[in-house]
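Chemist: generate coordinates for the sequence data below:
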Amino acid sequence: MRSSRVVATVVVVSLVLLVAGGCSLGSSGEVSTATTAPPSGEVVVAVGGWETVMSERGSAGTRWLPLFFAQSPAGSSLFDLADRDATAATAIVDQVPRALELDPSVVTVWLVDGDVDSRTPLASYERDLGTVVQTLVDGGQEVLVTGGWQVRDDERAAAYREVAEQVATKAGVSYVDLADLEAGNDGTPAEIADRFAAARQ
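Modeler: Numbers count the residues shown, from 1 in each chain. Modelled structure (predicted):
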């Protein structure tokens with residue numbers, strides 16, 4: 001489904017996007033040196049795996065996360081903590097503490113692919129993803145959870161999507177339904193971004 005090589009997560013947003021949106025960028029827990037955000041600005045944090053990194057898609061403009069961030073208020077900052085090989089279990093240790101330190105306005109959580117590839121037992125996945133989401137909720141964050149899109153081995157992935165939706169419902173957070181979208185479709189990133197934005201409370 002993807003190579004296992006670990007790639008450092010670096011978010012690159014084009015100058016045009018930054019200027020047009022009036023947004024600043026932070027990467028992997030490092031605060032942006034841009035002008036302090038006005039009261040209307042938000043701190044947007046991404047917790048996730050390959051689905052958020054999506055380095056194979058090329059330029060940052062074609063990834064869903066920068067497109068979602070572009071819909072944030074002027075002065076907002078983006079911190080992409082996602083790691084392409086992350087699972088829900090590793091995110092508890094590697095991403096959630098860093099997310100809480102940033103005191104985000106909203107956190108996106110997309111942790112499916114790594115667990116599908118690792119064949120994590122569904123009960124373990126439910127426990128670990130539940131810990132990720134509930135820890136963020138307890139920190140006072142707005143959390144947006146998705147179980148992802150259709151993939152090649154979709155029968156197996158669908159079971160994880162169902163668990164992710166159950167976790168979101170139990171935690172009382174918004175679930176972003178992407179089950180009708182297909183990975184690899186060039187039009188998908190913009191649609192994903194719009195659905196995350198529409199799920200904001």
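Chemist: mind checking how far the spatially closest residue to G75 that is not a sequence neighbour is from S124?
Modeler: What sits nearest to G75 in space, not counting adjacent residues and going by CB to CB, 6 or more residues apart in numbering, is G41, at 3.1 Å. For the C-beta atoms, the positions are set from N, CA and C on the backbone; glycine is no exception. Relative to S124, G41 is positioned 38 Å away (criterion: CB to CB, to the nearest Å).
Chemist: where does the residue nearest to G75 fall, helix, sheet strand or coil?
Modeler: The three-state label for G41, taken from DSSP: H, G, I helix; E, B strand; the rest coil, comes out as coil.
Chemist: show me the contacts for it.
Modeler: Contacts of G41 were listed using CB atoms under 8 Å, 6 or more residues apart in numbering, and they are C23, S72, P73, A74, G75, S76, S77.
Chemist: filter those to the buried ones?
Modeler: Burial by neighbour count, 16 or more other CB atoms under 10 Å: within the contacts of G41 this picks out C23, S72, G75, S76, S77.
Chemist: can you lay out these as TSV showing secondary structure, distance to A159 and pLDDT?
Modeler: Shown next, in TSV, are those (DSSP: H, G, I helix; E, B strand; the rest coil; distance: CB to CB, whole Å; pLDDT from 0 to 100):
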residue	secondary structure	distance to A159	pLDDT
C23	coil	37	47
S72	coil	33	92
G75	coil	41	91
S76	coil	35	93
S77	strand	35	95
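Chemist: can you tell me which of these is closest to R195?
Modeler: When the buried ones among the contacts of G41 are compared for distance to R195 (CB to CB), S72 wins out at 15.4 Å.
Chemist: so what's the closest one closest to, chain neighbours aside?
Modeler: Spatial nearest neighbour of S72, excluding adjacent residues (CB to CB, 6+ apart): E42 at 5.2 Å.
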